[in-house]
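here is my input, please return the structure:
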Amino acid sequence: MGVCGARDVPRGDGTRIVAAAGPCLHPGRRCENHPVSRPAVPPRAAPAPSRRILLRAAGVAVLLPLAGCGRIALGGPEEYTPPPPGIDDLYRHDLLELLERTIVGTARVADHGDADGDPLLSSTVAALSAALPVQRTALLTGAEAEDEREAGEDPAPGQTSPPPPEEAPTDLPGLVDALVRLRDLAASAARQVSGSLARPVVAIAAHTAWAVRRLRGGAGSGGVAPAPTAEELVPTREVPATDPPSIGAESDYHSTIERAQLEEWYAGFLHEVLAARSEDAARQQHLDLTALHRERAAKLGRIAEEDGAPVVTRQAVYAIPGGTLDEQSAAELPTLLAQGLLVDHIALVGAAPFERRPLSIAAALQEAELLALLVDRLDPLPSLEVEPPPPVEE
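Numbers count the residues shown, from 1 in each chain. This is a model prediction of the structure:
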């Protein structure tokens with residue numbers, strides 16, 4: 001996989017090899033031969049056996065003891081049955097299918113010029129055209145990425161391009177609907193998958209939330225579903241017992257939740273400062289953001305206390321960047337705060353235990369939606385980079 005992924009951590013294809021026990025270890029059956037009484041009189045001399053009789057007897061001597069130990073497969077090992085896919089692969093498969101449909105839909109919207117009349121819409125469609133293939137690459141395993149690269153560089157004779165995926169969007173409203181499904185599926189996946197996959201998956205959800213927020217005005221309807229809240233992010237799939245997901249080290253979790261608390265308290269203070277410099281609707285918006293950040297910081301603090309992580313308390317005053325705020329720095333500050341918090345919460349999703357992730361998943365989506373009003377471009381995988389694959393050796 002490119003990152004995967006994703007995930008900043010390389011992953012394989014998930015295959016596991018299980019060593020089976022030998023055939024003679026079951027306590028209910030034994031292979032020993034019981035003692036047999038022997039006659040006291042020495043046996044009569046027998047004629048020397050022929051070579052054919054000796055070979056036949058040797059074969060029987062080898063096979064008879066083994067026959068009591070269970071079925072013997074001759075000619076090679078028994079057929080290997082791979083374990084069923086784990087929760088990571090189940091979500092990854094569904095996300096890749098939805099990404100492929102969305103890639104095709106984005107290309108159709110761009111080709112038809114559906115967004116050409118609006119600079120906001122056209123720039124967002126262009127950003128999606130560049131970001132979606134990167135996100136798809138991030139979800140491929142290393143083997144899948146190598147197979148695709150080799151097939152592209154050395155196609156088989158008669159190889160043709162695969163047909164477009166079914167149900168791919170054909171217009172802008174359909175594209176927005178596909179993006180909403182991608183956003184919600186990625187957010188649900190981030191709640192349940194392994195930590196190494198959760199980080200790129202929630203980054204995809206955040207970028208998609210940014211795009212939905214920018215496109216929904218041109219979707220032709222006002223019925224675009226909002227991003228899921230923390231309370232709505234509950235497990236929706238059964239986790240296979242054969243391949244459960246995993247989480248990261250406790251030290252990573254403690255450091256990331258400590259940083260997220262600090263940045264949330266800091267953002268609340270700075271928005272309060274900005275509110276004092278503003279009037280009317282702008283002032284109220286900063287006050288609302290102040291309350292939001294302080295509420296998040298307090299919730300993170302309670303979680304940290306329960307989990308034995310460092311608890312960051314609110315300070316009365318924080319340092320202002322540069323010492324003072326002029327008009328330019330005050331205008332740039334909301335963007336910088338949202339970008340920093342987006343990165344912090346994506347990192348926390350990747351490090352936190354499963355039940356602690358919903359707050360940061362929802363926070364990442366909220367910060368991405370706020371950035372939709374502030375920036376014309378967002379990295380395909382905020383806080384992560386997909387390294388290009390190594391060249392194929394000749």
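
please make it C-alpha for all contacts and neighbour counts, starting now.
Fine.

find the nearest non-adjacent residue to I303, please.
Counting by Cα to Cα, 6 or more residues apart in numbering, I303 lies nearest to R356, which is 7.7 Å off, once chain neighbours are set aside.

for the one you found, report the pLDDT, please.
You'll see R356 listed with a pLDDT of 96.

okay, it and V239: tell me how far apart.
17 Å (Cα to Cα, to the nearest Å).

how about E332?
From E332 over to V239 the distance is 44 Å, taken as Cα to Cα.

ok, the two, which is more surrounded?
V239 (16 against 11; other Cα atoms under 10 Å).

helix/strand/coil for the more buried one?
coil (DSSP: H, G, I helix; E, B strand; the rest coil).

which one is it nearest to, not counting chain neighbours?
For V239, the closest residue by Cα to Cα, 6+ apart turns out to be I87, at 5.6 Å.

show the pLDDT at the residue positioned nearest the centre of the chain.
For the chain, the residue sitting closest to the mean C-alpha position, by Cα atoms, centre = their mean, is L197 at 3.0 Å. L197 is assigned a predicted lDDT (pLDDT) of 95.

wait, isn't it in contact with D88?
Yes. Counting by Cα atoms under 8 Å, L197 does reach D88; the two are 7.4 Å apart.

gap between the two ends of stretch 305-322?
Using Cα to Cα, the end-to-end distance of stretch 305-322 comes out at 33 Å.

in that stretch, which residues are buried?
A309, P310, V311, V312, R314 (16 or more other Cα atoms under 10 Å).

tabulate those residues (CSV), appending secondary structure, pLDDT and distance to Q284.
Putting the buried residues of stretch 305-322 into CSV (DSSP: H, G, I helix; E, B strand; the rest coil; pLDDT from 0 to 100; distance: Cα to Cα, whole Å) gives the following:
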residue, secondary structure, pLDDT, distance to Q284
A309, coil, 97, 34
P310, coil, 97, 32
V311, coil, 98, 29
V312, coil, 97, 27
R314, coil, 96, 22
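
which two from those end up farthest apart in space?
A309 and R314 (16.1 Å; Cα to Cα).

can you give me the helices in this protein?
51-67, 87-112, 119-139, 142-153, 172-192, 195-215, 250-276, 280-307, 327-351, 358-372 (DSSP state H).

just the angle between the second one and helix 172-192, please?
Spelled out, that is helix 87-112. For helix 87-112 against helix 172-192, the angle by axes from the mean of the first three to the mean of the last three Cα atoms, to 10 degrees is 160 degrees.

and helix 87-112 with helix 195-215, angle?
Using the same axes, to 10 degrees: helix 87-112 against helix 195-215 is 30 degrees.

what is helix 87-112 packed up against?
Judged by 3 or more Cα pairs under 8 Å, 6 or more residues apart in numbering; DSSP states H and E, helix 87-112 is in contact with helix 119-139, helix 172-192.

centre of the chain versus it, how much separation?
Taking Cα atoms, centre = their mean, to the nearest Å, one finds helix 87-112 lying 15 Å from the centre of the chain it belongs to.

got the angle for that helix vs helix 119-139?
Using the same axes, to 10 degrees: helix 87-112 against helix 119-139 is 150 degrees.

V349: neighbouring residues, count only.
Neighbours of V349 (other Cα under 10 Å): 31.

related to what we said a few turns ago, quick one: closest of the helices of the chain to P382.
Once those are compared by Cα to Cα, helix 195-215 is nearest, at 5.7 Å.

report the buried residues of that closest one.
Applying 16+ other Cα under 10 Å to helix 195-215 flags 195-215 as buried.

what do you get for stretch 130-139?
In stretch 130-139, counting by 16+ other Cα under 10 Å, buried: A131, L132, V134, Q135, R136, T137, A138, L139.

low-confidence ranges in the stretch 51-200 of the chain?
51-78, 80-83, 151-165 (pLDDT under 70).

let's go with 90 and repeat that
Applying pLDDT under 90 to the stretch 51-200 of the chain picks out residues 51-86, 111-118, 141-171.

from P169, how far off is Q339?
In terms of Cα to Cα, Q339 sits 30 Å off from P169.

of those two, who's got more company?
Set Q339 next to P169 and count neighbours by other Cα under 10 Å: P169 wins out with 23 against 19.

excluding covalently adjacent residues, which one is nearest to that one?
G105 (4.4 Å).

OK, contacts around that neighbour?
A168, P169, T170, D171, G174, L175 (Cα atoms under 8 Å, 6 or more residues apart in numbering).

quick one: it and H293, what's the gap?
On the measure of Cα to Cα, G105 and H293 end up 36 Å apart.

tell me the most buried of the helices of the chain?
Among the helices of the chain, helix 195-215 has the highest mean neighbour count (mean count of other Cα atoms under 10 Å), at a mean of 29.
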